[in-house]
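In: 3D, please:
(one chain, ligands or ions: 1)
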Amino acid sequence: MSSGEFMAKIISEIGHQLIPFPQCRPATVRRTTGIRCSVFATPSHEVNASGARVVPWGSEIESLESASALKNWLSASGLPPQKLEIRRVDVGERGLVALKNIRKGEKLLFVPPSLVITADSVWSCPEVGNVLKKNSVPDWPLLATYLISEASFKSSSRWSSYITALPRQPYSLLYWTLTELDTYLVASQIRERAIERITNVIGTYEDLRLRIFSKHQDLFPEEVYNIDTFLWSFGILFSRLVRLPSMDGKVALVPWADMLNHSPEVETFLDYDKASKGIVFMADQSYQLGEQVFISYGKKSNGELLLSYGFVPKDGTNPNDSVELSLSLKKSDKCYKEKLEALRKYGLQVPQRFPLQITGWPVEMMAYSYLVVSPPNMRQYFEEMAAAASSRAASETGRKYPELEEQALQYLLDCCESSISKYSKFLQVIDHFFINFIFLSSLTFAPSQVGSLYVE
Ligand SMILES: C[S@@+](CC[C@H](N)C(=O)[O-])C[C@H]1O[C@@H](n2cnc3c(N)ncnc32)[C@H](O)[C@@H]1O
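Out: Numbering: from 1, shown residues only. This next block holds a predicted model:
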C-alpha cells in the first residue's frame, strides 16, 4: 500500500477497525545503481519482532558501543572534556551520568555550534539541500529529509557516528497501530492527537514526494526517501529536537546533549549561551558521582510525553500531569438553548474540555458545571456563569453558588466516572498484553510505562 492509500485508509477508518500501518507492508529490497549523491543508498529494511519495518541505520538503544564511538568522534571534532558520560541507566535506558560530584547551579555540558544540526547545516549532497530550499521547505520537513540524506551516506557523512548512535526505532506513537491506539488510549484525547500527528507526517511525506521527489528522482530515490524512513526521521525529531530560546527559537539536534533524559522534577533545559558560545544547561540540583543527570523536556502531562517521546513517567511522579475532562450541557435541559447561547457568546463549546490535575482543577470548570446544573429560575445568572467559565470575567471567576454546589460536584464526579468507564476494555486486555509483551517484546513502551495510561 502506498502512503497515500494508507492515509486515505486511516482517515476513512478512524473508527474501530483494524488497519495495517505502512511498516507492515512486505519488505522490498532494491538496490540503487549509479545514483548521483546517493551512492551509498542501499537500504535493506529489516523487520522487527512485531513485523514493523525498521530503517537500516541507527542502533539498538541499549547499544553503548555506538554511544562511545559517538563520544570519541565528538571529542575529535571539538567537544571539550565533559562532566558527564553516557551509560546504561534505570530511567530512559541510555543517559548521561555525572563523572564527579556536581553542585547546584554548576554549568553542565558544552556543545559548540559546529556540532549542532540545524536547517542551515551543510549537506553531504548540496544539490539535495538546494532543491529543498528552492522549494521553500520549512524547517521540520527539511531536517527530516536532511537526516535521511545524511544517513544514506553512511560513513561518508560527517554525522555518521551521530546517526549510528540514534535509536533504529525511536519510541514513538508514530509506530503504534490504530488497534493499539484504540486499545490503550480509548478514552484519552492523546489518541486523536496521535492520529492527527501520524496523518500529518504521512501528509508531509506525500507532499514532498509529489511536489519534489517525483520530479528529481535521481536525487531522491524511493529506496531512500519513503514513508518508513520518514516515520523514523520524524520520530527522531519529535523525541530529540530542541528549541533554543536564546537563538530566537531556532530548532536544533544537539548530539551528546540529546542523550539527556527527562525528569518532571527538574526545571532546567538546554539553551545557547551567548557568553561561552555553545549549548549548555545549569544543574538545578546537586548530583553525586555516578548519578544520572536529567533535564526538563517542558511542563508536559504524561499524555503529551507519550505523544512526543513515547514514554510515561512512573505513576505519581509528574506534578504536571493532567487529563482533559469533557463537560457538556444535558440535551434534556429545559434551558438548553439559552445556556448554549450564553456559552457561545463567550467562545465556549459543547462539549468543552478542561484540564484536571492531581493538584486541582481550574475554577472555569466549576463555573461551567454550575451552568450545566442550574435550574430555569436561575436564568439571570447564565451569562455570568458562562463568562466565568471562559475566564473572560476576572471578577466572576471563582464565584460560588452554594445552592448548586452539591449538584455541580456530583455532575463533575459523574463525568469523571463516565470517562474512566471507557477503560473497562483496557483492563480486560491488560493481562493479555503483558503476556504478549514478555514473549514478543513487540510494543514500543515498557510495562512500567503503561500504568499511568489508565488514569487518562
Ligand atoms: C532525547 S532522547 C534521550 C536519550 C535516550 N535515552 C537515548 O538513549 O537515545 C529522548 C528519549 O529518551 C527516552 N526517555 C527520556 N526520558 C525518559 C524517562 N524519564 N523515562 C523513560 N524514557 C525516557 C524516551 O525514549 C525518549 O524518546
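In: could you use CA atoms for every contact and neighbour count after this?
Out: Fine.
In: ok, the residue in the stretch 51-200 of the chain that the ligand sits nearest to - contacts?
Out: Closest to the ligand within the stretch 51-200 of the chain is G92: 3.5 Å, counting by C-alpha to the nearest ligand atom. With contact set as C-alpha atoms under 8 Å, 6 or more residues apart in numbering, G92 has these partners: N261.
In: so which residues on the stretch 1-150 of the chain come close to the ligand?
Out: 61, 91-95 (C-alpha under 6 Å from any ligand atom).
In: quick one: contacts for the closest residue to R168 other than its chain neighbours?
Out: Counting by C-alpha to C-alpha, 6 or more residues apart in numbering, the nearest residue to R168 once its immediate chain neighbours are dropped is G58, at 4.4 Å. If you count contacts by C-alpha under 8 Å, 6+ apart, G58 has them with 163-168.
In: Y401 versus G58, what's the distance?
Out: Spatial separation of G58 from Y401 under the definition C-alpha to C-alpha, to the nearest Å is 60 Å.
In: does K250 touch L244 like I think?
Out: Yes - K250 is in contact with L244 according to C-alpha atoms under 8 Å; the separation is 5.4 Å.
In: quick one: which of the two has more around it?
Out: Neighbours per residue, other C-alpha atoms under 10 Å: of K250 and L244, the larger number sits with L244, 17 against 14.
In: rewinding a little: out of the residues of the stretch 1-150 of the chain next to the ligand, who's the most crowded?
Out: Per-residue neighbour counts (other C-alpha under 10 Å) across those peak at G95, which has 23 neighbours.
In: that residue reaches N261, doesn't it?
Out: Yes - the criterion here is C-alpha under 8 Å, and G95 meets it with N261 at 6.0 Å.
In: identify the contacts common to those two.
Out: V293.
In: how far does stretch 217-231 stretch from one end to the other?
Out: End-to-end distance for stretch 217-231, by C-alpha to C-alpha: 20 Å.
In: which non-adjacent residue is nearest the residue of the stretch 301-450 of the chain found nearest the ligand?
Out: Here the stretch 301-450 of the chain gets closest to the ligand at one residue, Y309, 3.7 Å apart by C-alpha to the nearest ligand atom. Distance criterion C-alpha to C-alpha, 6+ apart; nearest residue to Y309, sequence neighbours excluded, is S239 at 4.7 Å.
In: so which strand or helix has that neighbour?
Out: Secondary structure here is read from DSSP states H and E; on that basis S239 sits in helix 227-240.
In: that helix vs the ligand: in contact?
Out: Yes - legend: contact between helix 227-240 and the ligand by C-alpha under 6 Å from any ligand atom is shown at 239-240.
In: mind giving me the domain split of this protein?
Out: As given by automatic domain parsing, the domain ranges for the chain are 1-316+423-456, 322-421.
In: can I get the ones you listed in JSON lines with mean pLDDT?
Out: Formatted as JSON lines, the entries for the domains of the chain read as follows, by pLDDT from 0 to 100:
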{"stretch": "domain 1-316+423-456", "mean pLDDT": "81"}
{"stretch": "domain 322-421", "mean pLDDT": "91"}
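In: show me what the lengthiest helix in the chain is packed against.
Out: In the chain, taking DSSP state H as the definition, the longest helix is helix 189-211. Taking 3 or more C-alpha pairs under 8 Å, 6 or more residues apart in numbering; DSSP states H and E as the contact definition, the neighbouring helices and strands of helix 189-211 are helix 3-12, helix 227-240, helix 302-309.
In: which bits of the stretch 301-450 of the chain sit near the ligand?
Out: Proximity of the stretch 301-450 of the chain to the ligand (C-alpha under 6 Å from any ligand atom) is limited to residues 309-311, 313.
In: and the residue nearest the centre of the chain, how far from S161?
Out: What sits nearest the mean C-alpha location of the chain, by C-alpha atoms, centre = their mean, is S308, with 0.6 Å. Here S308 is placed at a distance of 24 Å from S161 (C-alpha to C-alpha).
In: again, but for E364
Out: Distance, E364 to S161, by C-alpha to C-alpha: 51 Å.
In: now E267
Out: The value you get for E267 to S161, if C-alpha to C-alpha is used, is 30 Å.
In: which of these two has more neighbours?
Out: Each of E267 and S161 had its neighbours counted (other C-alpha under 10 Å), and the higher figure belongs to S161 (23 against 17).
In: excluding residues flanking it in the chain, which one is nearest the more buried one?
Out: Once its chain neighbours are removed from consideration, S161 has its nearest residue in L70; the separation is 5.1 Å (C-alpha to C-alpha, 6+ apart).
In: what does S233 give?
Out: Closest residue in space to S233, ignoring its immediate chain neighbours: A144 at 5.1 Å, by C-alpha to C-alpha, 6+ apart.
In: part of a helix, is the one you found?
Out: Yes - inclusion of A144 in a helix is indicated when DSSP: H, G, I helix; E, B strand; the rest coil is applied.
In: pull stretch 199-214 out as PDB, backbone CA atoms only.
Out: In PDB, the C-alpha atoms belonging to stretch 199-214 read as follows (Å, rounded to 0.1, in the frame of the first residue of the first chain):
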ATOM      1  CA  THR A 199      -1.700  11.800   9.400                       C
ATOM      2  CA  ASN A 200       0.400  15.000   9.300                       C
ATOM      3  CA  VAL A 201       3.700  13.000   8.900                       C
ATOM      4  CA  ILE A 202       2.200  10.900   6.100                       C
ATOM      5  CA  GLY A 203       0.700  14.100   4.500                       C
ATOM      6  CA  THR A 204       4.000  15.900   4.700                       C
ATOM      7  CA  TYR A 205       5.900  13.000   3.100                       C
ATOM      8  CA  GLU A 206       3.200  12.800   0.400                       C
ATOM      9  CA  ASP A 207       3.500  16.500  -0.300                       C
ATOM     10  CA  LEU A 208       7.300  16.300  -0.600                       C
ATOM     11  CA  ARG A 209       7.000  13.200  -2.800                       C
ATOM     12  CA  LEU A 210       4.500  14.800  -5.200                       C
ATOM     13  CA  ARG A 211       6.000  18.200  -5.300                       C
ATOM     14  CA  ILE A 212       9.700  17.500  -5.200                       C
ATOM     15  CA  PHE A 213      10.900  13.900  -5.000                       C
ATOM     16  CA  SER A 214       9.000  12.700  -8.100                       C
END
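In: can you give me the buried ones in that stretch?
Out: Counting neighbours by 16 or more other C-alpha atoms under 10 Å, one finds that the buried residues in stretch 199-214 are 199, 201-203, 205-206, 208-209, 212-213.
In: E403: neighbour count?
Out: There are 10 residues near E403, going by other C-alpha under 10 Å.
In: give me phi/psi at it?
Out: phi -70, psi -20 (degrees, to the nearest 10).
In: ok, now how distant is it from D120?
Out: When distance is defined by C-alpha to C-alpha, E403 is 62 Å away from D120.
In: so where do the strands sit in the protein?
Out: With DSSP state E, the ranges of strands along the chain come out as 46-47, 53-54, 84-88, 94-98, 107-111, 242-244, 250-252, 261-262, 271-273, 278-282, 294-295, 322-327, 352-357.
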